[in-house]
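Colleague: kindly return the folded structure for what I paste below:
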Amino acid sequence: MSKRDTFKKYVLFIEQYIPKATLTVKQELPDTGVILLRSAKKKARDNQDSFENVDVVLYVDYTKPLNISEVLLPYQDKLLAVTARGEEGAGRMVDVIPHVPYLRTPTAESIRWATNKYEMRKRLKLFDAKNTPKFTRVMENSKKERARVVAKVGFPLVIKPASLQESLLVTICFHEEELEKALRNTFTKLRKNYEKLNRTQLPIILAEEYMDGDMYSVDTYINSRGDTYHCPLVRVRTGRNIGHDDFFNYSQTTPTALKQESIEKAQKVAETAVRALGLRSITAHIELMKIDDDWKVIEVGPRIGGFRELLHELSCGINHSLNDIYIRIPKKPVIPKRCQGFATAMKWFAKTEGVIVEMKGIKRIEKLESFHSIIVNKKIGDRATFARNGGRSIFNLFLYNDDRSKLLADMRRVEQLVEIKIAARGTVAKVKTAAK
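Modeller: Just a heads-up that it's a prediction; the model follows:
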């Protein structure tokens, strides 16, 4: 598809279509077009007319480097920047970088390190061992291998895939029986999830020391010289914080109530992490754990963090998509010194797995003072599955208030209003029939 291909320059987006980002290009960068590069496998099922504010859609076979060069050749001298979202887009960036040699980009190797948690851990340990937990790669689910893992890492430990996001298949283990069960589940589902999410990396399982502390994250812009510009920190509460036996990000709230001294310590650790991976000309998403007065790195993603575009816009007026392009041009990102309010994203999972038979309170949420928007992913009759088993949230909720205490009060009201009922065993067939 080519709506118009006469622009002076283009921003190239890899794989994932982001409406807000493409609109930002049109509004903020005069005479600039948008090119969306997609896998040829997606062409048959794509509705190309739905890619609003995209001027050119190109399809490539990523396994054939010459095909990537051929497809991009007509635009080679017009490209302003290249960017990608999500793990899939970040992974494909590795394939594209060699074919855009005159753009400011990360190195392909730095992206490989950052999209493989095992390689990432090795780099982080090399640069500053105290900022990363003990870890090892798990080769198989055998008694001998489990004994080696426990000797290396110790209990409690966390099992996670090396290249999946959103806490998919992440499990905490406190003893041998849990470890055996978690590895059996992860090895069984891992390859299927990689294929479903179009991951290009080899499926790898990582075991690492469980860190018991307060979780935070920060999106950081890194220019071509390695200079860093940090967005406000985000406080993250996981499913475990609210009593679920799961690691999904339950709530993400920004800005935080941390003191400036603590924020600066977190930023310093984040800077060490991006330098360990050699990241440049990119926006990185760094997850951190605060344990007493120390900060440790959970992981680094070579991409914008989930929900950050909306959270930073609501709370601080930051145009995250525009800054993501600025840092690649390069141009200094615009980050206000003060925020006008507080924003939260909440991901809702059921407390048990099974077929959903009733969903209460969701409509009442919309009447709260802090309500901004909601995305409902599940309906009655659908199956609720934990994130650790590859499941997705029932709904994602976004709240904003210029008063932090009012925002926290509405978060509490959400917890009191919402009730998701799951079918008891033996009634699943009836529920599915009724839903039809």
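
Colleague: wait, doesn't residue 378 sit right on residue 385?
Modeller: No. At 9.7 Å, residue 378 does not count as touching residue 385 under the criterion of CB atoms under 8 Å. To be clear about C-beta, it is placed using only N, CA and C from the backbone, and glycine gets the same treatment.

Colleague: give me the common contacts of the two.
Modeller: Common neighbours of residue 378 and residue 385, counting by CB atoms under 8 Å, 6 or more residues apart in numbering, are residue 392.

Colleague: so those two - more neighbours on which side?
Modeller: residue 378 (20 against 15; other CB atoms under 10 Å).

Colleague: distance between stretch 129-149 and the chain's centre?
Modeller: Remark: stretch 129-149 is offset 24 Å from the chain centroid, using CA atoms, centre = their mean, to the nearest Å.

Colleague: and residue 215, what are its bridge partners?
Modeller: residue 236, residue 289 (DSSP bridges).

Colleague: contacts only, for it.
Modeller: Going by CB under 8 Å, 6+ apart, the list of residues near residue 215 reads 235, 236, 237, 238, 287, 288, 289, 290, 298.

Colleague: export those to TSV and append columns for neighbour count, pLDDT and distance to residue 121.
Modeller: Below are the contacts of residue 215 laid out as TSV (neighbours: other CB atoms under 10 Å; pLDDT from 0 to 100; distance: CB to CB, whole Å):
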residue	neighbour count	pLDDT	distance to residue 121
235	18	98	24
236	23	97	20
237	17	96	24
238	18	93	20
287	20	95	13
288	28	97	15
289	20	96	14
290	21	97	19
298	20	93	10
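
Colleague: just those now: which is nearest residue 405?
Modeller: residue 235 (15.0 Å; CB to CB).

Colleague: may I have the residues that are in contact with the closest one?
Modeller: Contacts of residue 235 (CB under 8 Å, 6+ apart): 214, 215, 216, 252, 253, 254, 256, 257.

Colleague: give the partner strands of the one helix or strand the fifth one maps to in its sheet and their orientations.
Modeller: The one in question is residue 253. Assigned by DSSP states H and E, residue 253 belongs to strand 249-254. When pairs are called by DSSP bridges, strand 249-254 turns out to pair with strand 234-238 (antiparallel), strand 342-348 (antiparallel).

Colleague: out of the contacts of residue 235, which is most surrounded?
Modeller: Counting by other CB under 10 Å, top hit in those: residue 254 with 28 neighbours.

Colleague: nearest to residue 154, of the contacts of residue 215?
Modeller: residue 289 (16.7 Å).

Colleague: so which residues of the stretch 51-200 of the chain form helices?
Modeller: Here the stretch 51-200 of the chain has its helices, by DSSP state H, counting those that start in this stretch, at 65-72, 86-96, 108-114, 117-127, 143-153, 176-196.

Colleague: domain parsing for the chain?
Modeller: 9-103, 134-210, 213-340, 342-435 (automatic domain parsing).

Colleague: mean pLDDT for these: which is lowest?
Modeller: Mean pLDDT values for the domains of the chain show the minimum at domain 134-210, a mean of 83.

Colleague: could you tell me the end-to-end distance of that one?
Modeller: 9 Å (CA to CA, to the nearest Å).

Colleague: returning to what we had before: could the contacts of residue 215 go into a markdown table alongside distance to residue 6?
Modeller: What follows is these, written out as a markdown table (distance: CB to CB, whole Å):
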| residue | distance to residue 6 |
| --- | --- |
| 235 | 46 |
| 236 | 45 |
| 237 | 49 |
| 238 | 49 |
| 287 | 42 |
| 288 | 45 |
| 289 | 50 |
| 290 | 51 |
| 298 | 46 |
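
Colleague: residue 266 is in contact with residue 289, correct?
Modeller: No. In this structure residue 289 lies outside contact range of residue 266 using CB under 8 Å: 10.1 Å.

Colleague: what do the two both touch?
Modeller: 216, 295.

Colleague: the helices in the stretch 251-400 of the chain, which residues?
Modeller: 260-276, 308-316, 320-326, 362-365.

Colleague: rebuild the ones you listed as TSV, extending it with distance to residue 411 and mean neighbour count.
Modeller: Listed next are those as TSV, based on distance: least, CB to CB, whole Å; neighbours: other CB atoms under 10 Å:
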stretch	distance to residue 411	mean neighbour count
helix 260-276	22	18
helix 308-316	14	22
helix 320-326	22	23
helix 362-365	11	15
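
Colleague: and these as TSV, adding distance to residue 61?
Modeller: Shown next, in TSV, are the helices of the stretch 251-400 of the chain (distance: least, CB to CB, whole Å):
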stretch	distance to residue 61
helix 260-276	32
helix 308-316	30
helix 320-326	27
helix 362-365	43
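
Colleague: of the ones you listed, which is nearest residue 229?
Modeller: That would be helix 320-326 among those, by CB to CB, at 7.9 Å.

Colleague: so how far is that closest one from its chain's centroid?
Modeller: 17 Å.

Colleague: alpha carbons of that helix, as CSV, please.
Modeller: Output in CSV follows, covering the C-alpha atoms of helix 320-326 (Å, rounded to 0.1, in the frame of the first residue of the first chain):
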residue,chain,number,x,y,z
HIS,A,320,6.7,9.9,24.7
SER,A,321,6.3,8.9,21.1
LEU,A,322,7.8,12.2,19.9
ASN,A,323,10.7,11.9,22.3
ASP,A,324,11.3,8.4,21.1
ILE,A,325,11.9,9.8,17.6
TYR,A,326,13.8,12.8,18.8
